[in-house]
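Visitor: mind looking at a prediction? Sequence and model below.
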Amino acid sequence: MGSIEAFYQANMECIKKSNMGMGYNSFCDRDSNVYIMPRYLPPTLVSDAVITDSVIGDGCILNESRKVSGGISYFSRCKIKGTVVGMRTKIRNGAIIEDSVIMGSDVYQIEDADEGSIEGIPIGIGENSQIRKAIADKNARIGEMSRYMINKDNVEEGDREANSYIISGGILVALRSAKIPDTASYEI
């Protein structure tokens, strides 16, 4: 891949239905080999999520509930549309992800139900967060209620490494192991 734009476009092409045999259907075609390295991960766990035109990697947990009130977990569907979700990704309740690439995680993180994680913001996408036309690199931590990755002003280039992201070709990129705080609003 020569650029972030090329990487993003290649991933989006994988999920297009009408891609003349090069999209999702090519994963099932005996004449179009897809080479992978087996990781022996558990299957993806989906709890009442809405998933449209997306590819979900192994070992993901979609619509995970961390909050318990009186012993009852409350769920609000996460919505995933036109997105490639990498392995071991945790997407929590109410998150909305559209036209994005979520790279996943290198490890499963052990979390405490009351404190979220050992390091504050757990790896994955927080409850009620919104991501649109973005790339979240490996081990990104996007907090709850974040409207983090929405480029509403169509900014083409921007270097905001201090805020754990950059913009390249109009695509927001959360850097590897980025920590985006709860209620962050980086709508550009």
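Guide: Happy to help now that I have it.
Visitor: where does the chain dip in pLDDT?
Guide: Regions of the chain meeting the criterion pLDDT under 70 cover residues 1, 17-29, 32-35, 65-75, 111-119, 148-149, 184-188.
Visitor: would you point out which residue is most central in it?
Guide: Ranked by distance to the mean C-alpha position of the chain (C-alpha atoms, centre = their mean), the top residue is residue 102 at 3.2 Å.
Visitor: isn't it right up against residue 82?
Guide: No: under the criterion of C-beta atoms under 8 Å, residue 102 makes no contact with residue 82, lying 11.9 Å away. The way it works is simple: take the backbone N, C-alpha and C, and place the C-beta from them, glycine included.
Visitor: helices of the protein, start to end?
Guide: Ranges of helices within the chain are 4-14, based on DSSP state H.
Visitor: what is the burial count for residue 4?
Guide: For residue 4, the count of nearby residues is 18 (other C-beta atoms under 10 Å).
Visitor: could you find the closest non-adjacent residue to it?
Guide: Take residue 4 and drop its neighbours on the chain: the residue closest to it by C-beta to C-beta, 6 or more residues apart in numbering is residue 168, 4.1 Å away.
Visitor: what do you get for residue 86?
Guide: Excluding the flanking residues, the one nearest residue 86 by C-beta to C-beta, 6+ apart is residue 104, at 2.7 Å.
Visitor: next up, the contacts around the one you found.
Guide: Taking C-beta atoms under 8 Å, 6 or more residues apart in numbering as the criterion, residue 104 is in contact with 57, 60, 85-89, 138.
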